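Asks: for reference, the sequence and a predicted model appear below.
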Amino acid sequence: PPPRRPSAGTPILRDAPAAVLRHSGEHRALASGPRKPRVLVIDDEAPIRNAVRRFFEGRGWTVDESADGEQALRVLADIPADHFDVIICDLKMPGVSGMELYATLSRRQPALLGRLIFATGDVASTDAASFLQQIRCPVLEKPYELRVLAETVDRVRSSAAAA
């Protein structure tokens, strides 16, 4: 039978873990062999997600995308902590913001915090500045250069591997 199309609002996950596929009603065996690095990009702006996806795919990574924090939390709830090598999250989004996502992960899955990178164009607001001073996650200030993204990702991966 032809593959089932996801309904509106359903995240499209390439090579999703079995737990996520079960949630979507699909079943597929996970491929064996060497594991490609994997990133989750959380941003409400499609052009930014697309640019970051192209960057990582060009490096041979598997890329999953989420348009908001609520959708990302559903995805992250069903996976082991080491499923994503890196999680890049916009700080300010409608609905569940990056700050709220961080707070939820702190309570539910603190092991993921070492893989989290924030991206934001708003480092000047009081709430953003206060939040960013309190956390230990790297922050990319939008617009950021792809070289800076690559360096930050490499640093986070090295730290996560050493932990």
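Replies: Nice, thanks for sending it over.

Asks: worst mean pLDDT across the helices and strands of the protein, which element?
Replies: Within the chain, judged by mean pLDDT, DSSP states H and E, the helix or strand with the poorest mean is helix 18-23; its value is a mean of 34.

Asks: tell me which residues are up against the following helix or strand past it.
Replies: Counting by DSSP states H and E, the element after helix 18-23 in chain order, helix or strand, is strand 38-42. Here strand 38-42 makes contact (CB atoms under 8 Å, 6 or more residues apart in numbering) with 49, 52-53, 56, 61-66, 68-69, 72, 75-76, 83-90, 93, 98, 101, 153. In this view, the C-beta of every residue, glycine as well, is placed from N, C-alpha and C.

Asks: just the buried ones among those, please.
Replies: Neighbour-count burial (16 or more other CB atoms under 10 Å) applied to the contacts of strand 38-42 gives 49, 52-53, 56, 61-66, 68-69, 72, 75-76, 83-90, 93, 98, 101, 153.

Asks: which members of the residues you listed occur in strands, if any?
Replies: 62-66, 86-90 (DSSP state E).

Asks: tell me the one of those nearest residue 109?
Replies: Taking CB to CB as the measure, residue 109 lies nearest residue 87 of these, at 10.6 Å.

Asks: does that closest one touch residue 116 like I think?
Replies: Yes - with contact defined as CB atoms under 8 Å, residue 87 counts as touching residue 116 (5.0 Å).

Asks: grab the longest helix from the protein for me.
Replies: helix 146-162 (DSSP state H).
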